[in-house]
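Visitor: Following is a predicted model, sequence given first.
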Amino acid sequence: MTAIKHALQRDIFTPNDERLLGIVNVCKAGKKKKNCFLCATVTTERPVQVKVVKVKKSDKGDFYKRQQAWELRDLTVVDAKDASKENPEFDLHFEKVYKWLASSTAEKNSFISCIWKLNQRYLRKKLDFVNVNPQLLEESVPSGESQSVAGGDEDALEEYQELSAREEQDIESMMEMCEYAVSNAEAFAEKLFKELQVLDGANIHSIMASEKQVNILMQLLDEALAEVDTIEGKLSSYEEMLQSVKDQMDQVSQSNHLIQMSNTNNGKLLDEIQFLVNYMDLSKGHIRALQEGDLTSPRGIEACISASEALLQCMNVALRPGHDQLAAVNQQQKLFCELRDTFARRLTNHLNNVFVHQFNHFSYFKMTIPQYYRSSCLSLPGHDQSSTLSQNSAELSLPKHSPLHRDLLRYAKLMEWLKNTQREKYEGLSRTYVDYMNRLYEREIKDFFEIAKIKMAGTSKEAKGKFGLHGSSGKLTGSTSSLNKLTVQGSNSRRSQSSSLLDMGNMSASDLDVADRTKFDKIFEQVLSELEPLCLAEQDFISKFFKLHQHQTVLPPLAQPETEETDGSIPSRTPPQADHRHSLSSEKDMVRLMMNKIFQSIEPELNSLIALGDKIDSFHSLYMLVKMSHHVWTAENVDPASFLSTTLGNVLVTVKRNFDKCIVSRVHTGRELSFFFFYGREILHLYMLCNKYKSVVLIQSGQIKQMEEVKISKKSKVGILPFVTRFEEFAELAETIFRNAERRGDLDKAYVKLIRAVFMNVEKVASESQKTPRDVVMMENFHHIFSTLSRLKISCLDAERREAKHKYTDHLQCYVINSLGQPLEKLNHFFEGVEARVAQGVREEEVSYQLAFNKQELRKVIKEYPGKEVKKGLDNLYKKVDKHLCEEESLLQVVWHSMQDEFIRQYKHFEGLIGRCYPGSGITMEFTIQDILEYFSSIAQSH
């Protein structure tokens, strides 16, 4: 290692005026071992710079090269990894961390000690030595191998003392005063030694002369020490006095702390008491209202509402920790529970009495018209039953329950309180209300539908003659003019009479006139118009009264299930009690289930009424479908999940089935489109609305069949083909129906098939046309198709829309070219020959030297086409185009403008050839572009 150190000093550091003080053989930790040396150096020039240099041996020889250097002042941390065990690894933290592995632990320790000494001598900066043995950080260097590594230069470093700047100045001034200071150093040193002896003698004499002053100084010091002792004694007494004061102040501070703590506790206790008094105290007025309040008068109801809200607020107050252990709080809570139970019991009993009273009131005063007239009319002998039925059907309306709702809505807030406090009583009231209203509405709805059935039976003259109303112990037969008198054998029931209406036989549509159907339509509309506000009013009342529109709760159990069958042997659709107890996430479902229970007779009665109408006349299904679809649509727009929407939707299925029987039979006979358009677009709209995807395919196949069978006249213009117009009507109607539909797959497929069939049949008809040119048929019909698709913006037909535009444009251009032909025929032939010569290699400016195409021949051809002849030819062309085109599409001006552009294009082509092939000849056409524009404009205006 000594030889390497001398070699490095000689080859690398001496040329750079540096001294090598420490060296260690290392390699990078964790990588392939490539040995190098870390050297600690100082510069020989001032200011001294201390560096750590990395030296590497060259791969191509035995010489060393300097690879990297760091300033020692940039070193922040030296980490020896382990201070107690021998570990050759160490880290140096410069701008980043460098991890090294020394060849031996002794070399590592010697190098770290050298760095510590250099830092202490030259830098004096804060350098962290981590995991380093403290013995290494002493002035002495360890013995052994490290001593040999550091060498004699370390001793020299210890003995060497650097002169200060002042000392250097003094030496320089002394040397300047002595002439032989440099030339004769020994004489100069002898002189300095003698002067030093003189100065030492002078110092000794000065010390001996100042002995008296020293004694005086010592005496003064003794006196000062005595004064210091005196002052220390006084300070000790003062300190004892202050200590007693401190003890007294500590006692006062402790007393103040206890007083402050007591005040804080008293304040908190007062806050707790105020909290309990403010939130758990119920006034005597509220207690009196809960115990004895009047639930019949408005003022009493308001007082009960205020008291119940105050009670609920007191019961729901969030008690703080520890409050539940207070006897007063427990006593107050017990009082609140007793008041709650008492008032809930009073409120429940009162509302039960209100329900019973209102039910009895409506049951007594709302006697149904059929029952009243039947009981009164049957007791009169010889009474004409036809006149009785006429009187019975004078008014078709349902009783209004707005007074009942208005009276009960006063208790809505109390019902909400009951719902939040006494769930069982709230559910019991719900069941009671549903039960009473179910019986009340069932009676009123059956009477209402009985009147409607009587009215419907009276709409048909044939029904009056061929069918009768059969009861359990009596029958009603009629003639074509009036209903016969009824022979009374006992009392009739409404159920037997309504059932007898279903026993009517089917009637042919030809036996009834339009007036009867119109009257039936009005009766059915009136039935739906009466049911709709009734259901909406009841649903709105239930939501408000039972507070089912604010929070999501669990469904209250309704009335017990009924297993008896309704009129017409249709079982009740109300689910059993177990199903009602299923947990529901939405209170809309709760309202709908309560409505299902209350109005469970509506759907069977509607189905019975629809069956009666269909038996009277199968065409009644058309009218019922129109009305029912409108009301379903209206109900879905208001609330798609409401009871009314669901019920009418279920009934609409029955109406649609009856309608299908009337429609599909005609569709399968090949008369579908004529049938639909015969009965109007409204019927087609309804059929597509109810059958959506099935009807799309059905109508699509019918339209394609009509396209294939279309025939055109040989004597008249073709114009817009009928199936193109029908496709437009079909697309408009389908887009109206499917505007908001989630599924359009079947419709899009039908669109593609139809438009392809339209394209194919347009081309077929155009090819077969004799009167109208093929290009005109294609141009007009594809223009109409393009306009329709652009207006409707059907995304699945974008490619067909572009194709239609392309076909229209192509056939327009073909028709223009074919119709326009070569208006300047001889001139055109002349220039075709010119272009042929140029194609053969003749230069354009040399064409005029050709015998057949010289200037004289050109002037001769141009004179044959004066402006007057050109205008006359264009006028004849306009009349010809006018005969070809139809007025529906209004393409005449478009075609005429295209012809104008084509004519001008040919004119410019001829002018260009004249300019290139006959330059400087001054030959021009006898009419200009402006003349052409005037010709076309005047011809269009004259016609």
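Guide: Looks like it arrived, so ask away. Residues are numbered from 1 along each chain as shown.
Visitor: any idea which element residue 27 lies in?
Guide: Assigned by DSSP states H and E, residue 27 belongs to strand 18-28.
Visitor: List the contacts of that strand.
Guide: Contact partners of strand 18-28, identified using CB atoms under 8 Å, 6 or more residues apart in numbering, comprise 1, 4-5, 8-9, 13, 33-44, 51, 99-103, 107-108, 110-111, 114-115, 118, 149-150, 153-154, 157. The C-beta positions use only the backbone N, C-alpha and C, and glycine is treated the same way.
Visitor: Out of those, which sit inside strands?
Guide: 36-43, 51, 99-102 (DSSP state E).
Visitor: The helix or strand residue 535 falls within packs against which elements?
Guide: Element membership for residue 535, per DSSP H and E: helix 514-545. If you count contacts as 3 or more CB pairs under 8 Å, 6 or more residues apart in numbering; DSSP states H and E, helix 514-545 packs onto helix 402-408, helix 412-421, helix 423-457, helix 587-598, helix 602-616, helix 620-638, helix 643-666.
Visitor: Among those helices, which comes closest to residue 768?
Guide: helix 643-666 (30.3 Å; CB to CB).
Visitor: where's residue 845 relative to residue 932, distance?
Guide: From residue 845 across to residue 932, the span is 28 Å (CB to CB, to the nearest Å).
Visitor: Looking at those two, which is more packed in?
Guide: residue 932 (19 against 12; other CB atoms under 10 Å).
Visitor: ok, the strand holding residue 27: who's next to it in the sheet?
Guide: strand 36-43 (antiparallel), strand 97-102 (antiparallel) (DSSP bridges).
Visitor: average pLDDT across the shortest one?
Guide: Within the predicted structure, the mean pLDDT of strand 97-102 is 90.
Visitor: and if you look at stretch 777-794?
Guide: 90.
Visitor: Leaving out chain neighbours, which residue sits closest to residue 103?
Guide: Of all residues not flanking residue 103 in the chain, residue 25 sits nearest, at 4.2 Å (CB to CB, 6 or more residues apart in numbering).
Visitor: still on that earlier bit, nearest to residue 322, out of the strands paired with strand 18-28?
Guide: Across the strands paired with strand 18-28, closest to residue 322 is strand 97-102 (CB to CB), at 59.2 Å.
Visitor: In contact with residue 831, which residues are there?
Guide: 909-910, 913.
Visitor: can you do 6 Å?
Guide: Going by CB atoms under 6 Å, 6 or more residues apart in numbering, residue 831 touches 910, 913.
Visitor: Just the pLDDT for it.
Guide: pLDDT, residue 831: 85.
Visitor: just the one 4 residues further on next, same as before
Guide: According to the prediction, residue 835 has pLDDT 88.
Visitor: where does the stretch 251-400 of the chain have low pLDDT?
Guide: Within the stretch 251-400 of the chain, the stretches with pLDDT under 70 are 363-394.
Visitor: Could you give me the buried positions within stretch 98-105?
Guide: Across stretch 98-105, burial judged by 16 or more other CB atoms under 10 Å covers 98, 100-102, 104-105.
Visitor: swap that for stretch 201-210, sorry
Guide: So, applying 16+ other CB under 10 Å, stretch 201-210 has no buried residues.
Visitor: So for it, mean pLDDT?
Guide: Mean predicted lDDT for stretch 201-210 stands at 80.
Visitor: Could you do stretch 456-468 as well?
Guide: pLDDT averaged over stretch 456-468 gives 50.
Visitor: try stretch 18-28
Guide: Mean predicted confidence for stretch 18-28 is 90.
Visitor: Keeping just the C-alphas, turn it into PDB.
Guide: Coordinates of the C-alpha atoms in stretch 18-28 are reproduced here as PDB (Å, rounded to 0.1, in the frame of the first residue of the first chain):
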ATOM      1  CA  GLU A  18      -1.600  18.400  -3.700                       C
ATOM      2  CA  ARG A  19      -0.500  16.200  -0.800                       C
ATOM      3  CA  LEU A  20      -1.900  12.700  -0.200                       C
ATOM      4  CA  LEU A  21      -2.700  12.200   3.500                       C
ATOM      5  CA  GLY A  22      -5.100   9.200   3.500                       C
ATOM      6  CA  ILE A  23      -5.900   6.300   1.100                       C
ATOM      7  CA  VAL A  24      -8.200   3.300   1.100                       C
ATOM      8  CA  ASN A  25      -8.700   0.500  -1.400                       C
ATOM      9  CA  VAL A  26     -12.500   0.300  -2.200                       C
ATOM     10  CA  CYS A  27     -15.100  -1.000  -4.600                       C
ATOM     11  CA  LYS A  28     -18.800  -0.200  -5.000                       C
END
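Visitor: So, low pLDDT: which residues of the stretch 701-850 of the chain?
Guide: 701-715, 737-744, 746, 821-823.
Visitor: which residues in it form helices?
Guide: Using DSSP state H, counting those that start in this stretch, the helices of the stretch 701-850 of the chain run over 722-737, 745-768, 774-792, 798-820, 825-839.
Visitor: Export the ones you listed as a markdown table, with columns for distance to residue 442.
Guide: Formatted as a markdown table, the helices of the stretch 701-850 of the chain follow (distance: least, CB to CB, whole Å):
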| stretch | distance to residue 442 |
| --- | --- |
| helix 722-737 | 37 |
| helix 745-768 | 42 |
| helix 774-792 | 50 |
| helix 798-820 | 57 |
| helix 825-839 | 93 |
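Visitor: For those, state which one has the densest average packing.
Guide: helix 774-792 (a mean of 22; mean count of other CB atoms under 10 Å).
Visitor: In which helix or strand does the closest residue to residue 881 other than its chain neighbours reside?
Guide: Nearest residue to residue 881, sequence neighbours excluded (CB to CB, 6+ apart): residue 895, at 5.8 Å. Using DSSP H and E, residue 895 sits within helix 892-917.
Visitor: Can you give me the buried ones in that helix?
Guide: Neighbour count says helix 892-917 has 892, 895-896, 898-900, 902-903, 906-907, 910, 913-914, 917 buried, by 16+ other CB under 10 Å.
Visitor: for residue 128, phi and psi?
Guide: Residue 128 adopts backbone torsions of phi -90, psi 120, taken as degrees, to the nearest 10.
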